[in-house]
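Colleague: A structural model of the following input is requested.
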Amino acid sequence: MLGKTLSEPIGALVGYLLLMPFLTPVALAGTLAFAAGVMIYISLDELLPMAHSYGHGHLVISGVVLGVLTMALSLLML
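Modeller: Presented below is the predicted three-dimensional model:
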């Protein structure tokens, strides 16, 4: 059990040490933006068909748009 708990932090540390010379602020921002886009795509790819099957497709799309607007406004406030 302890090995499973420690595998992710150890992997993150090894990855950080290997990639540290290449991690510029621009590269890190681009990588995080790409990962966020992939997560949004996968979420919508699963959620929208399921919502349509239950008849709540418009509610989900409204929620996504509201969430994106909220995130955009919060970034503008920083």
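Colleague: quick one: contacts of the helix or strand containing Thr5?
Modeller: Secondary structure assigned from DSSP states H and E places Thr5 in helix 2-19. Defining contact as Cβ atoms under 8 Å, 6 or more residues apart in numbering, one finds that helix 2-19 is touched by Leu23. Where you see a C-beta, it was placed from the backbone N, CA and C, and this is true even at glycine.
Colleague: Near Leu28, how many other residues are there?
Modeller: Neighbours of Leu28 under the rule other Cβ atoms under 10 Å: 12.
Colleague: Which strands or helices does the strand or helix carrying it pack on?
Modeller: Using DSSP H and E, Leu28 maps to helix 25-54. In terms of contacts (3 or more Cβ pairs under 8 Å, 6 or more residues apart in numbering; DSSP states H and E), helix 25-54 is packed against helix 57-77.
Colleague: ok, Leu32 to Gly57 distance?
Modeller: 29 Å (Cβ to Cβ, to the nearest Å).
Colleague: who's more crowded, the two?
Modeller: Taking neighbours as other Cβ under 10 Å, Leu32 and Gly57 compare with Gly57 leading, 15 against 10.
Colleague: was I right about the more buried one contacting Leu48?
Modeller: Yes. Using Cβ atoms under 8 Å, Gly57 is in contact with Leu48, at 6.6 Å.
Colleague: Just give the number of residues close to Ile61.
Modeller: 15.
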